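K.L.:
3D model of this:
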Amino acid sequence: MKIENWSANPAKCAILFGAASAAVYLIMINTTLAHLTSISGLKPLDLRPFGYATDEVTTLFKALGEDGRRIYLHRQIMLDTAYPALLAMCLISLFRWLGQSLPFQRFIPIGINASLGTALFDYAENLGIAVMLLNWPDANPVLARLTSLATVSKSVLTTVALSLLMFTALYWACRQIKIGALRWRLRS
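P.N.:
Next comes the predicted model:
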């Protein structure tokens, strides 16, 4: 049996990291985040793309109670340590795969950097949430603002990365159709 170098094949990497990130995402959305929402009646901080204020953090953490805060820290944050890297690797692999056959690659490095930035801000968000949970009931307004800024930055960079990916995929698909049509005409 031949062992392939998967990193040399961005399409295979995209499939592998895409499947792994989708699995972790579905687990988070359908279990931990759904459970935290049902306990508190409020959206967890991870699901607030426009950020939050200190009083919203306090309201959420009070509504979660001790068990909910423990689930947030030990289950949700733990799952969310894998997700940002898996998503970034999936997006980077997709940009590499689509970009290798495009003459116009101006947006590829921007998409890759946005993907990396998304992961970094997601980790900053997780760290901020974890510290706030560990320090509960002491609410630090500066930490809440910085964590909220990380959440907003993650959301913006995710939007940028996914928008660039859709643009790149559309451009790639149009190019493939055009190349296919030219080949068909040449054969006729």
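
K.L.:
By mean pLDDT, which helix or strand of the chain comes out lowest?
P.N.:
When each helix and strand of the chain is scored by mean pLDDT, DSSP states H and E, helix 141-187 comes last, with a mean of 87.

K.L.:
Return the distance of that one from the chain's centre.
P.N.:
Centroid separation between helix 141-187 and its chain, computed with CA atoms, centre = their mean, to the nearest Å, is 13 Å.

K.L.:
can you check stretch 61-70 too?
P.N.:
Stretch 61-70 sits 25 Å away from the centroid of its parent chain (CA atoms, centre = their mean).

K.L.:
How about stretch 64-76?
P.N.:
Taking mean C-alpha positions (CA atoms, centre = their mean), stretch 64-76 and its chain are 21 Å apart.

K.L.:
buried sites along it?
P.N.:
64, 68, 69, 71, 72, 73, 75, 76 (16 or more other CB atoms under 10 Å). Bear in mind the C-beta positions are built from the backbone N, C-alpha and C, glycine included.

K.L.:
Filter these down to the ones in helices?
P.N.:
Counting by DSSP state H, these place 64, 68, 69, 71 in helices.

K.L.:
for these, which one is nearest residue 49?
P.N.:
Closest to residue 49 out of these is residue 64 (20.0 Å), distances taken as CB to CB.

K.L.:
how about the closest one, what does it touch?
P.N.:
By CB atoms under 8 Å, 6 or more residues apart in numbering, the contact set of residue 64 is 36, 39, 40, 71, 72.

K.L.:
cutoff 10 Å now
P.N.:
Residue 64 sits next to 36, 39, 40, 41, 42, 44, 70, 71, 72, 133, 136 when contact means CB atoms under 10 Å, 6 or more residues apart in numbering.

K.L.:
SS state for the first one?
P.N.:
Secondary structure assignment for residue 36 (DSSP: H, G, I helix; E, B strand; the rest coil): helix.

K.L.:
Ignoring the adjacent residues along the chain, who's closest to it?
P.N.:
Nearest non-adjacent residue to residue 36, counting by CB to CB, 6 or more residues apart in numbering: residue 44, 4.7 Å away.

K.L.:
Look at residue 50 and give its secondary structure.
P.N.:
Residue 50 is classified as coil under three-state DSSP.

K.L.:
Please disregard the earlier target; I meant residue 103.
P.N.:
Of the three states, residue 103 takes coil under three-state DSSP.

K.L.:
And for the one 5 residues further on?
P.N.:
With three-state DSSP as the basis, the three-state label of residue 108 is helix.

K.L.:
okay, now it: neighbour count?
P.N.:
Per other CB atoms under 10 Å, the neighbour tally for residue 108 reads 18.
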